[in-house]
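Peer 1: model this:
(chains A and B)
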Amino acid sequence: MFKKLLVANRGEIAVRVIKGAKKLDIPVVAIYSEADAQAPHVGLADEAFLIGPPPVAQSYLQMDKIIEIARESGVDAIHPGYGLLSENAQFARKCAEAGIAFIGPSPEVITAMGDKVQARETMKKVGVPVVPGMERPVTGLEDALAAAEEIGYPVLLKAAAGGGGIGMQAVQQADELARALQLCQGRAQAYFGDNSVYLEKYFAEPRHIEIQVLGDTQGNVVHLFERECSIQRRHQKVIEEAPSPFVDPEMRARMGEVAVKAAKSLGYVGAGTMEFLVDRNKNFYFLEMNTRLQVEHPVTEMISGVDLVVEQIRIAAGESLNIPAGLSIRGHAIEGRIYAEDPQTLMPAPGPVNSLEVPEGEGIRFDCGVTAGYQVTPFYDPMIGKLVVWGEDRDQAIRRMLDVLGRIKLGGLKNNIPLLQSVISNEQFQRGEFSTVFLTKLLERGN
Amino acid sequence: MEKVYANMAGIVLNVLVKAGEKIHDGQEVLTLESMKMEVPVQSPAGGTVKEVKVNVGDFVNEGDELLVIKK
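Peer 2: Modelled structure (predicted):
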């Protein structure tokens, strides 16, 4: 096992990683910027080093400086958390060159999954479903009709040279195609000077569901079920849960099998997440793979009993997977991300945390990067903590979430707790009937 | 006299106008950055920029004065 571990991150995830390392009795080194001198992760670590001024480019992204601190303090493993350097192949390579274990997959796998087009091709080759579509422009109406038939309606006509949604036409059935093709070609010509168009599968209100995988250096790979992540705004997740109210055992088995097969073909080592777009007919299509610990990993931990950070560290140390055979889902977990933002405008709202009191109890977990008296600065992500609750079933988890949200006292700082309450108490959400457009629609209606 | 106020707390990323410059109602006058988000600030009125009260890199609080516009 490692002698000493450095956490190359800040906020709630740095705190989370320190707790995982402590479970394995590994001393931890923290790094911090000038803005984070009073941050909880600094106090929790065994040693802490100032890395630079507040902006991340001058602090948490300073690869050489981080490695220098690691070397000088006798560190033999670096955990990158999420964001920052966690999916940086160059950093993973620099760690290896310095003889320090990077807790994550190889630089080659990080690179292969980092390029989204390359990742799609790689996945397609190993039999993972990707969003069906043409890889060449339409030659005429006959060609378009044949292609649409093969892809399956509804389809989306897109300008080959385009972007930003300009000229896109959704086509529900065959008799609408001729007119839509004419419109799309006309707009493509007008906007991009090129009338080439192509077809892909159209998803009106998809879900975003992801599968957690773990792989070890011996080539063993398992999946730890799915997470439902459709409640988003500005492509940022707000509420996640496990299991998904939409996924049945048969679908779970299919998704898990695909994810495990894909991870094996990559030679995946560590924790990773495959994100899928899911249509209403329970078809799923690969979106991207995140080669790191996910923000929403606690919901998986609560329904599986597996400590993902501990597993990551053990795997990086060369140990084999320690997941009981036939592991099954226990209960239901929901996570609400707490953002320092205006609950009406959703604008970032840095400021002081005057008071913070979170109820404790069975099935309640609060992963947090701030304390009372702490100043939330404009330099970093607005997410300050994650409230995670567990229940015997989804209804109990929902009730518990509403109860805890109602009793949290977070004073001084504008935050999105009212928004979390309005989502969790929404009838459609409670019935499990929602898609990635749910939150946008809710906000348009004025909560 | 009209004033342009900060719509959120953040750092002044850039200033797009200079004192003496004529601007129109709704024109973007500067950009604030906070928590990985860039937010443009627009002038609530047209006129001439009388004074720019902030510099690039300054930290401002929500409601702070950024610009003075002479109608």
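Peer 1: and stretch A:427-442, end to end?
Peer 2: One end of stretch A:427-442 to the other measures 12 Å (C-alpha to C-alpha, to the nearest Å).
Peer 1: that stretch: which residues count as buried?
Peer 2: Neighbour-count burial for stretch A:427-442, with 16 or more other C-beta atoms under 10 Å in any protein chain shown as criterion, is recorded at A:429-430, A:434-436, A:438-439, A:442. Just so you know, the C-beta spots here come from the backbone N, C-alpha and C atoms, and that holds for glycine as well.
Peer 1: try stretch A:102-122
Peer 2: Residues of stretch A:102-122 classed as buried by neighbour count (16+ other C-beta under 10 Å): A:102-107, A:109-114, A:119-120, A:122.
Peer 1: return the member of these nearest to chain B.
Peer 2: A:Gly114 (19.0 Å; C-beta to the nearest C-beta).
Peer 1: quick one, what contacts the closest one?
Peer 2: Applying C-beta atoms under 8 Å, 6 or more residues apart in numbering or on different chains, we find A:Gly114 in contact with A:87, A:89, A:291.
Peer 1: how about the residues of chain A near chain B?
Peer 2: With the criterion set to C-beta under 8 Å from any C-beta of the partner chain, chain A comes near chain B through A:340-342, A:347-351, A:378-382.
Peer 1: quick one on the thing from earlier: so which of the buried residues of stretch A:427-442 belong to helices?
Peer 2: A:429-430, A:438-439, A:442 (DSSP state H).
Peer 1: pLDDT on stretch A:255-264, on average?
Peer 2: Averaging pLDDT along stretch A:255-264 yields 96.
Peer 1: dump the C-alpha coordinates for it into PDB.
Peer 2: Extracted in PDB, the C-alpha atoms of stretch A:255-264 (Å, rounded to 0.1, in the frame of the first residue of the first chain):
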ATOM      1  CA  MET A 255     -26.300  -1.600 -19.900                       C
ATOM      2  CA  GLY A 256     -23.900  -3.100 -17.400                       C
ATOM      3  CA  GLU A 257     -22.800  -5.800 -19.800                       C
ATOM      4  CA  VAL A 258     -22.100  -3.200 -22.500                       C
ATOM      5  CA  ALA A 259     -20.100  -1.000 -20.100                       C
ATOM      6  CA  VAL A 260     -18.100  -3.900 -18.700                       C
ATOM      7  CA  LYS A 261     -17.300  -5.200 -22.200                       C
ATOM      8  CA  ALA A 262     -16.200  -1.700 -23.300                       C
ATOM      9  CA  ALA A 263     -14.000  -1.100 -20.200                       C
ATOM     10  CA  LYS A 264     -12.400  -4.500 -20.700                       C
END
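Peer 1: next one: it to chain centre, how far?
Peer 2: The chain centroid and the centroid of stretch A:255-264 are separated by 18 Å, computed with C-alpha atoms, centre = their mean, to the nearest Å.
Peer 1: what sits up against that stretch?
Peer 2: A:123, A:126-129, A:209, A:211, A:213, A:215, A:219, A:221-223, A:225-226, A:247, A:272, A:274, A:276, A:284, A:286, A:289.
Peer 1: let's see that with 6 Å instead.
Peer 2: A:123, A:126, A:128, A:211, A:213, A:215, A:221, A:223, A:274, A:284 (C-beta atoms under 6 Å, 6 or more residues apart in numbering or on different chains).
Peer 1: quickly find the element holding B:Lys50.
Peer 2: strand B:47-52 (DSSP states H and E).
Peer 1: coming back round to it: of the contacts of A:Gly114 - the most surrounded one?
Peer 2: A:Thr291 (26 neighbours; other C-beta atoms under 10 Å in any protein chain shown).
Peer 1: let me see the contact set for that one.
Peer 2: So A:Thr291 contacts A:87, A:105, A:110, A:113, A:272 (C-beta under 6 Å, 6+ apart).
Peer 1: all strands for the stretch 1-150 of chain A, in order.
Peer 2: Assigned by DSSP state E, counting those that start in this stretch, the stretch 1-150 of chain A shows strands spanning A:5-7, A:28-33, A:47-52, A:77-79, A:101-102.
Peer 1: quick one: closest of the ones you listed to A:Leu199.
Peer 2: strand A:101-102 (41.4 Å; C-beta to C-beta).
Peer 1: any idea how far that closest one is from the middle of the chain?
Peer 2: So, by C-alpha atoms, centre = their mean, the centroid of strand A:101-102 is 22 Å from its chain's centroid.
Peer 1: most centrally placed residue in chain A?
Peer 2: By C-alpha atoms, centre = their mean, the mean C-alpha position of chain A lies nearest to A:Gln294, the distance being 4.8 Å.
Peer 1: pretty sure that residue sits against A:Gly272.
Peer 2: No. Using C-beta atoms under 6 Å, A:Gln294 is not in contact with A:Gly272; the gap is 8.9 Å.
Peer 1: so A:Gly270 makes contact with A:Ser106?
Peer 2: No. Counting by C-beta under 6 Å, A:Ser106 is not a contact partner of A:Gly270; they are 9.2 Å apart.
Peer 1: pLDDT score for the closest residue in space to A:Ala119 that isn't next to it in sequence?
Peer 2: Leaving aside its chain neighbours, A:Ala119 sits nearest to A:Met113 (4.9 Å; criterion: C-beta to C-beta, 6 or more residues apart in numbering or on different chains). A:Met113 carries a pLDDT value of 90.
Peer 1: then the one 5 residues further on?
Peer 2: pLDDT, A:Gln118: 78.
Peer 1: circling back to that earlier point, show me which of the contacts of stretch A:255-264 is closest to chain B.
Peer 2: Among those, and counting by C-beta to the nearest C-beta, the member closest to chain B is A:Met274, at 24.9 Å.
Peer 1: residues touching that closest one, list them.
Peer 2: With C-beta under 6 Å, 6+ apart, A:Met274 has these contacts: A:211, A:259, A:289.
Peer 1: need the next SSE after the host helix or strand of it, C-terminal direction.
Peer 2: Assignment of secondary structure by DSSP H and E places A:Met274 within strand A:270-278. Next helix or strand after strand A:270-278 toward the C-terminus (DSSP H and E): strand A:284-290.
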